[in-house]
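Colleague: Build me a model from this:
(one chain, ligands or ions: 1)
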Amino acid sequence: MNHFLDIHKTDPAALRTMIDSALAMKAARNGRPKGSPDDDRPLKDRMVALIFEKPSTRTRVSFDVGVRQLGGQTMVLSGKEMQLGHGETIADTARVLSRYVDLIMIRTFEEATLLEMAEHATVPVINGLTNRTHPCQIMADVMTYEEHRGPIGGRKVVWCGDGNNVCASFLHAAGQFGFDFTFTGPETLDPEDRFVAFARDKGSKVTIQRDPFTAVEGADLVVTDTWVSMHDPESAKERRHNQLRPYQVNEMLMSRAKPDSLFMHCLPAHRNDEATSAVMDGPHSVIFDEAENRLHAQKAILRWCLGL
Ligand code: CP
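Modeller: Predicted coordinates for the structure are as follows:
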């Protein structure tokens, strides 16, 4: 069973195949209308369930469009409207859905929910984000880097701000794709040790640097994300903003990175908090390519999961 649960749980050769396949599928569409299916329609007669227990714009639309381009059909389900939100167990939900659909994508809160869904489903399960990780996003980010600058292996990636779930998947990718990773942010928001340990064990150079200007020196890629994640309490907002203000990605900070460096943000963004509009709309930014590449990267993930 090819579940896509996390980057560190997926074979590096499979990850490489998915990135190359995503780039090839993007090139093959060559400006075709977005609603038109791909020529080969590998998901013809397949049904995919897309479950959302948290809000989404990119994940929801890109998976829905991606499945349709591959010739399949989708049903988008809200966790609250399902019996899952009213006491039915995750295990029973997984068993029932597996009788109806060919693949389940789930965005949820707890990592344990995703793992339980995968344990009891008899069809592949894709992680569409948990409080811990966001692997589909980072597959799109690796694809985006390589589309613009070639192989990401050996490059220096700098993460500014909160060591959140997206940062965690970047650390997994550092280990699997072989790039160096620097985290700059306040100590209380450091990424979890297990994510850092994975990257280091795989041979990636991981640096924790409190000074953002020192951290960004010589960066090939500068990345940030919202200062308050979906699962963080609203009460954390003011403290987070005070803690993270020194780590804002602005033009002065970007000027310390390599001249041909890229800037990424997975979106949605709070403009002029974690990154200024000057950077988001500036010459280093590839944020909308990242958003588009969710579509192509996830099509490759869907095909890999289904062996197509
Ligand atoms: N980046 C991302 O996952 O966006 P959505 O929350 O809109 O899906």
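Colleague: So the host helix or strand of Leu50, near the ligand or not?
Modeller: Here Leu50, judged by DSSP states H and E, is contained in strand 47-52. No. Using Cβ under 6 Å from any ligand atom, strand 47-52 stays clear of the ligand, coming no nearer than 8.7 Å. C-beta coordinates here come from the backbone N, C-alpha and C atoms, glycine included.
Colleague: helices or strands next to that strand in the packing?
Modeller: Applying 3 or more Cβ pairs under 8 Å, 6 or more residues apart in numbering; DSSP states H and E, we find strand 47-52 packed against helix 58-69, strand 73-78, helix 90-100, strand 103-107.
Colleague: hmm, the last one touching the ligand?
Modeller: No. Where contact is defined by Cβ under 6 Å from any ligand atom, no part of strand 103-107 touches the ligand; the two come within 7.3 Å at best.
Colleague: Next, count neighbours for the residue in the stretch 201-308 of the chain positioned nearest to the ligand.
Modeller: Going by Cβ to the nearest ligand atom, the ligand is nearest to Cys266 of the stretch 201-308 of the chain, at 3.9 Å. By other Cβ atoms under 10 Å, 23 other residues sit near Cys266.
Colleague: Next up, the contacts around the spatially closest residue to it that is not a sequence neighbour.
Modeller: Distances taken as Cβ to Cβ, 6 or more residues apart in numbering place Gln137 nearest to Cys266, at 4.9 Å, with adjacent residues excluded. Applying Cβ atoms under 8 Å, 6 or more residues apart in numbering, we find Gln137 in contact with Leu129, Val166, Ser169, Cys266, Arg294.
Colleague: Show me what from the stretch 51-200 of the chain comes close to the ligand.
Modeller: Checking the stretch 51-200 of the chain against the ligand by Cβ under 6 Å from any ligand atom, the hits are Ser56, Thr57, Arg58, Thr59, Leu129, Gln137.
Colleague: redo that, cut-off 8 Å
Modeller: Counting by Cβ under 8 Å from any ligand atom, the residues of the stretch 51-200 of the chain close to the ligand are 54-60, 62, 107, 128-129, 134, 136-137, 166.
Colleague: any idea which of the residues you listed is closest to Met252?
Modeller: Minimum separation from Met252 among those (Cβ to Cβ) is found for Val166, which lies at 23.7 Å.
Colleague: what's the helix or strand for that closest one?
Modeller: Under the criterion of DSSP H and E, Val166 resides in helix 165-177.
Colleague: Check the offset of stretch 10-20 from the chain's centre.
Modeller: 15 Å (Cα atoms, centre = their mean, to the nearest Å).
Colleague: again, but for stretch 35-44
Modeller: How far stretch 35-44 lies from its chain's middle: 24 Å, per Cα atoms, centre = their mean.
Colleague: Likewise for stretch 186-205?
Modeller: 17 Å.
Colleague: likewise stretch 119-133?
Modeller: With Cα atoms, centre = their mean, you get 13 Å for stretch 119-133.
Colleague: List the buried residues for it?
Modeller: Within stretch 119-133, the residues scored as buried using 16 or more other Cβ atoms under 10 Å are 120-121, 123-133.
Colleague: Just the closest of these to the ligand, please.
Modeller: Checking the buried residues of stretch 119-133 against the ligand with Cβ to the nearest ligand atom, the nearest one is Leu129 at 5.8 Å.
Colleague: can you pull the contacts of the closest one?
Modeller: Contacts of Leu129 by Cβ under 8 Å, 6+ apart are Lys54, Ser56, Thr59, Arg107, Thr108, Cys136, Gln137, Asn165.
Colleague: Check Arg60 too.
Modeller: Contacts of Arg60 (Cβ under 8 Å, 6+ apart): Leu50, Phe52, Val76.
Colleague: quick one: buried residues of stretch 196-212?
Modeller: In stretch 196-212, counting by 16+ other Cβ under 10 Å, buried: Val196, Phe198, Ala199, Lys202, Ser204, Val206, Pro212.
Colleague: And the furthest pair within these?
Modeller: That would be Lys202 and Pro212, which, of the buried residues of stretch 196-212, are the farthest apart (Cβ to Cβ) at 25.5 Å.
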